[in-house]
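1. Requesting a structural model of the entry that follows:
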Amino acid sequence: MRGGKFFAAFVKLAVAILAIGIVILVLGPFSGAETELGLNDREAHFLSMFSLSALAQLSLPWLRRRDIALICLAFAAIIEFAQPYFGRDGSLLDFVVSAGGVIVSVAPMAIEEMRRRARERGKRVKRPRFDNRRVSGVTPTQKEASGRTKA
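-> Numbers count the residues shown, from 1 in each chain. Sure thing, here's the model as predicted:
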């Protein structure tokens, strides 16, 4: 269990560092820094919010995925709203791309959750049990009537 606690603490630290890093890179004097990594502005927005929401889902398992997605979307909206106050351009398209990163991060886990719930509902449905006496297509009473019973 010690390894699990270490991993959880490590992921929480990674979320905090990533969030602080996003704020510094987006609001600081680093306009165009993403080109040094071979990314354009839209790709950087997508990857940053994808990474943030994926790590947040790992580090905050008690929160619903919907809540994590809403928090990440609010974070992206605040960043886009604050950028003009720091000499940068806020863009609705940047927010849409960031939202795409959040959705792509949350969607596979949400789909798996829906599949798990469907499997659980399927287990609760009363199904007729398989009757191995009917494998031959003849019921036991038909066998007795025809005289083919083993004695």
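2. Just after the helix or strand hosting H45, pick out the following helix or strand.
-> Using DSSP states H and E, H45 sits within helix 41-59. Using DSSP H and E, the helix or strand that follows helix 41-59 in sequence is helix 65-82.
3. For that next one, which residues meet the burial criterion?
-> If you call a residue buried by 16 or more other CB atoms under 10 Å, then helix 65-82 has these buried ones: R65, I68, A69, I71, C72, L73, F75, A76, I79, E80. C-beta here means a position set from N, CA and C on the backbone, and glycine is covered the same way.
4. Just give me how far the top helix by length along the chain sits from the chain centre.
-> Secondary structure of the chain per DSSP state H: the longest helix is helix 92-124. Helix 92-124 sits 5 Å away from the centroid of its parent chain (CA atoms, centre = their mean, to the nearest Å).
5. What of stretch 44-57?
-> Centre-to-centre, stretch 44-57 and its host chain are 11 Å apart (CA atoms, centre = their mean).
6. quick one: contacts of it?
-> 11, 14-15, 18-19, 22, 25, 34, 37, 39, 63, 65, 68-69, 71-72, 75-76, 94, 97-102, 104-106, 109 (CB atoms under 8 Å, 6 or more residues apart in numbering).
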